[in-house]
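Participant: Let me see the structure of the following:
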Amino acid sequence: MRVIDPDGNQLGIIPIHTALSSAEEFGLDLVEVSPNATPPVCKIMDYGRFRYQQTKKQQEAKKKQARIQVKEIKVRPKTDSHDLEVKLGHIQKFIEKKNKVKVTVVFRGREITLTDRGKALLEHIAEGASEFAAIEQPPKLEGRTMNMVLGPKQ
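Facilitator: Got it, this is the predicted structure:
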């Protein structure tokens with residue numbers, strides 16, 4: 001196996017028992033760094049410290065991942081224009097924080113006959129949000145709700 005000492009210098013290709021004895025001389029562990037290589041590469045290092053650094057790298061990578069949430073705004077077919085302006089303000093705040101927004105029109109009772117009004121309402125919201133948001137999913141009727149998904153503009 002190919003062995004690397006703690007300073008990063010190659011000791012060459014040596015047998016396992018020799019590598020283990022040289023690791024003992026340094027007071028460190030023999031860690032297999034690249035098992036798939038031919039011959040396998042081992043490094044003389046402190047294994048506990050190596051594991052600690054690996055977990056730190058994984059945590060940093062996890063922090064850098066984008067976490068996108070889907071926020072929901074619910075309206076009714078008879079929602080007033082001022083209320084819609086307030087909802088548009090909420091949508092803008094969510095989009096600025098890089099979240100997606102699911103706008104839902106809920107139809108209760110006989111309001112289900114007002115689906116055209118619900119679609120017009122969603123289109124009005126999409127127009128108002130067109131400066132800062134893009135439609136990711138157009139209005140779609142599902143049971144007693146009509147949904148539309150808005151996302152941040154690229």
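Participant: any idea of the pLDDT on the residue of the chain positioned farthest from its centre?
Facilitator: Distance from the C-alpha centroid of the chain, by C-alpha atoms, centre = their mean, peaks at residue 18 (46.2 Å). Note for residue 18: predicted pLDDT of 90.
Participant: CA-only coordinates of the helix or strand that residue 88 is a member of in CSV, if you can.
Facilitator: Assigned by DSSP states H and E, residue 88 falls within helix 81-96. Below are the C-alpha coordinates for helix 81-96, written out as CSV (Å, rounded to 0.1, in the frame of the first residue of the first chain):
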residue,chain,number,x,y,z
SER,A,81,-59.7,44.5,-3.4
HIS,A,82,-58.0,46.0,-0.3
ASP,A,83,-57.6,42.6,1.2
LEU,A,84,-56.0,41.4,-2.1
GLU,A,85,-53.5,44.3,-1.9
VAL,A,86,-52.6,43.2,1.7
LYS,A,87,-52.2,39.6,0.5
LEU,A,88,-50.0,40.9,-2.4
GLY,A,89,-47.7,42.6,0.2
HIS,A,90,-47.4,39.2,2.0
ILE,A,91,-46.6,37.5,-1.3
GLN,A,92,-43.9,40.0,-2.0
LYS,A,93,-42.3,39.5,1.4
PHE,A,94,-42.3,35.7,0.9
ILE,A,95,-40.8,36.0,-2.6
GLU,A,96,-38.1,38.3,-1.4
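Participant: packing partners for it?
Facilitator: strand 70-75, strand 100-106, helix 115-128, strand 133-142, strand 145-152 (3 or more C-beta pairs under 8 Å, 6 or more residues apart in numbering; DSSP states H and E). No exception for glycine: its C-beta is placed from N, CA and C like everyone else's.
Participant: would you turn the ones you listed into JSON lines with mean neighbour count and mean pLDDT?
Facilitator: Output for the helices and strands packed on helix 81-96, formatted as JSON lines (neighbours: other C-beta atoms under 10 Å; pLDDT from 0 to 100):
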{"stretch": "strand 70-75", "mean neighbour count": "15", "mean pLDDT": "93"}
{"stretch": "strand 100-106", "mean neighbour count": "20", "mean pLDDT": "94"}
{"stretch": "helix 115-128", "mean neighbour count": "17", "mean pLDDT": "92"}
{"stretch": "strand 133-142", "mean neighbour count": "15", "mean pLDDT": "91"}
{"stretch": "strand 145-152", "mean neighbour count": "19", "mean pLDDT": "93"}
